[in-house]
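Colleague: Build me a model from this:
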Amino acid sequence: MIYDCEDGMTGFLRNVWHMVAWCDEIGQDLMSRRVCGQSLLIFRRVDGSAVVMDDRCPHRFAPLSLGNRDGDRVACGYHGLVFDAEGHCVGNPFSPKIPSGAAVRTYPVIEQDSIVWVWMGSAADADQSLIADLPFLRDLPEERLLRGYTRMRANYEYGTDNLMDLSHIEFVHKGSFAGAGVIFAGSHEVIEEGATLHSNWWMPDVAAPGHTTGIYPPNMRTDHWLDMRWNAPATMQLTVGATPLGGPRADGVVVEQAHVLTAETQDTTHYFWATSATFPLADDEATAGFKALFAKAFDEEDKPMIEAAYANLEGADFWDARPVFLGIDAGGTRARRILQKMRRLELQSTPAMSHDAGFGECPPGVGVSPHC
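Modeller: This next block holds a predicted model:
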């Protein structure tokens with residue numbers, strides 16, 4: 001079963017798009033990455049299109065990523081069964097006959113906004129319009145973008161809690177993005193628009209924030225905002241802005257960030273992030289400092305705190321632990337409730353669904369597959 005309990009409180013969503021990689025991570029080499037508890041084989045066909053399939057040979061379950069590829073075909077490194085990019089077994093070194101059930105599930109893939117998205121549920125339900133839009137990743141030139149990845153030893157919803165409640169910057173990010181008290185001078189609101197959540201901070205009449213360094217004088221008074229947008233399961237876009245006091249937002253200095261969290265397992269998360277820059281990212285001292293600042297914020301400040309908090313529950317359910325609420329954490333709380341509802345609805349609509357559901361028809365000549 002997909003879910004760990006029958007009420008949908010925990011488990012993985014399948015009928016959503018999950019980020020599996022940045023586009024430039026994937027090439028001709030065989031790559032393995034676990035998503036929603038499943039090991040996936042990822043590579044590009046000769047024509048450049050991306051392939052995602054189960055990283056598991058149906059014979060003795062060896063990872064296909066440990067095998068070899070010839071064109072668009074992958075040979076298992078254990079006993080040599082050969083599979084094409086559609087998951088059909090097309091070669092058996094021991095016989096001209098293809099064994100019954102020798103097929104590997106493949107998944108719908110979309111490349112959008114420099115991201116490779118995979119649909120883990122029924123292929124018939126894959127809808128590209130459900131991918132959360134991150135336009136700055138395609139609209140800005142490469143020299144204005146910085147992308148990264150880190151792996152967290154915590155459930156992805158704990159990362160969402162952290163991002164949807166940016167009040168933590170006053171305490172966690174003292175060595176990087178600390179707000180110097182601006183959060184306490186601001187107001188917070190959570191807005192729900194259909195399937196989208198917004199968790200926004202508005203901080204008027206504060207000193208010019210750090211992202212305006214070199215553009216605004218440090219003693220200049222500004223209106224400052226932090227707008228976070230969330231879409232399930234965990235795609236977030238943060239807009240960091242500041243404008244001269246009383247001025248329109250359109251005239252301000254704005255930095256856009258993407259934070260996309262993908263469940264590796266129930267206890268680990270792929271954390272993909274990207275940010276725009278207010279200056280071209282050349283190989284100079286300023287750029288090195290910019291990169292070091294983000295590495296410090298994510299790897300040395302956010303991640304250790306999230307991992308420690310998750311470990312401190314010692315396996316207990318988030319809700320069972322009876323968390324105290326402060327109001328400013330309403331964004332993460334609503335996101336958790338939305339995900340809980342989505343899991344329950346998905347469970348009700350596909351009560352017998354396993355991770356092999358949605359494989360579709362067996363390939364001609366392959367025989368009856370356990371996937372079908």
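Colleague: secondary structure element for Gly241?
Modeller: strand 235-244 (DSSP states H and E).
Colleague: Can you list the low-confidence ranges for the stretch 101-250 of the chain?
Modeller: The stretch 101-250 of the chain contains residues with pLDDT under 70 at 174-180.
Colleague: That one: strands as residue ranges?
Modeller: 109-112, 115-119, 145-152, 187-193, 196-207, 221-231, 235-244 (DSSP state E, counting those that start in this stretch).
Colleague: Adding distance to Ala50, write those strands out as TSV.
Modeller: C-beta here means a position set from N, CA and C on the backbone, and glycine is covered the same way. Formatted as TSV, those follow (distance: least, C-beta to C-beta, whole Å):
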stretch	distance to Ala50
strand 109-112	5
strand 115-119	5
strand 145-152	17
strand 187-193	31
strand 196-207	27
strand 221-231	22
strand 235-244	18
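Colleague: For Gly27, which of the ones you listed is the nearest?
Modeller: Gly27 sits nearest to strand 115-119 of all the strands of the stretch 101-250 of the chain, at 11.7 Å, using C-beta to C-beta.
Colleague: ok, the nearest residue in space to Ile42 that is not next to it in sequence - contacts?
Modeller: Distances taken as C-beta to C-beta, 6 or more residues apart in numbering put Met31 closest to Ile42, at 4.5 Å, once the chain neighbours are dropped. Contacts for Met31 (C-beta atoms under 8 Å, 6 or more residues apart in numbering) come out as 21, 25, 41-43, 65.
Colleague: what about the longest helix anywhere in the chain, distance to the chain center?
Modeller: For the chain, the longest helix by residue count, based on DSSP state H, is helix 330-349. Put simply, helix 330-349 sits 17 Å off its chain's centre (C-alpha atoms, centre = their mean, to the nearest Å).
Colleague: Mind giving me the packing neighbours of that helix?
Modeller: helix 156-164, strand 187-193, strand 196-207, strand 221-231 (3 or more C-beta pairs under 8 Å, 6 or more residues apart in numbering; DSSP states H and E).
Colleague: quick one: the strand holding Gly241 to helix 156-164, angle?
Modeller: Interaxial angle of strand 235-244 relative to helix 156-164 (axes from the mean of the first three to the mean of the last three C-alpha atoms, to 10 degrees): 10 degrees.
Colleague: what angle do strand 235-244 and strand 196-207 make?
Modeller: Following the same axes, to 10 degrees, one obtains 30 degrees for the angle between strand 235-244 and strand 196-207.
Colleague: ok, and what's touching strand 235-244?
Modeller: Applying C-beta under 8 Å, 6+ apart, the set of residues contacting strand 235-244 is 19, 132, 134, 136, 160, 163-164, 166, 208-209, 211-212, 216, 220-230, 249, 251-261.
Colleague: Give the buried subset of those residues as a PyMOL selection command.
Modeller: Applying 16 or more other C-beta atoms under 10 Å to these, the buried members can be selected in PyMOL as follows:
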select buried, resi 19+132+134+136+160+163+164+166+208+209+211+212+216+222+223+224+225+226+227+228+229+230+252+253+254+255+256+257+258+259+260+261
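Colleague: got a list of what Arg151 touches?
Modeller: Residues near Arg151 by C-beta under 8 Å, 6+ apart: 264, 268-271.
Colleague: typo on my end, it should be Thr269
Modeller: Contacts of Thr269 by C-beta under 8 Å, 6+ apart are 151-152, 154-156, 159, 261-263.
Colleague: That one and Leu347: what is the separation?
Modeller: 22 Å (C-beta to C-beta, to the nearest Å).
Colleague: So what sits opposite Thr239 in the bridge?
Modeller: Residues in a beta bridge with Thr239, per DSSP bridges, are Asp227, Glu256.
Colleague: coming back round to it: highest mean neighbour count out of the strands of the stretch 101-250 of the chain?
Modeller: Stretch with highest mean neighbour count among the strands of the stretch 101-250 of the chain: strand 115-119 (a mean of 24; mean count of other C-beta atoms under 10 Å).
Colleague: Narrow the contacts of Met31 to those in strands?
Modeller: 21, 41-43 (DSSP state E).
Colleague: Farthest pair within those residues?
Modeller: Pairwise over the ones in strands among the contacts of Met31, using C-beta to C-beta, the maximum falls at Ala21 and Leu41, 12.0 Å.
Colleague: which residues in the stretch 51-200 of the chain form helices?
Modeller: Using DSSP state H, counting those that start in this stretch, the helices of the stretch 51-200 of the chain run over 136-139, 156-164, 169-172.
Colleague: Can you tell me which of the ones you listed is packed in deepest?
Modeller: Ranked by mean neighbour count, those are led by helix 156-164 with a mean of 23 (mean count of other C-beta under 10 Å).
Colleague: coming back round to it: among the contacts of Met31, name the buried ones.
Modeller: Buried among the contacts of Met31 by 16+ other C-beta under 10 Å: 21, 41-43, 65.
Colleague: Nearest to Gly101 among those?
Modeller: Looking across the buried ones among the contacts of Met31 and measuring by C-beta to C-beta, the closest to Gly101 is Leu41, at 18.2 Å.
Colleague: Do you know the pLDDT at that closest one?
Modeller: The model reports Leu41 with a pLDDT of 98.
Colleague: Any idea which of the strands of the stretch 101-250 of the chain gets closest to Ala288?
Modeller: With C-beta to C-beta as the measure, strand 145-152 is the member of the strands of the stretch 101-250 of the chain nearest Ala288 (11.3 Å).
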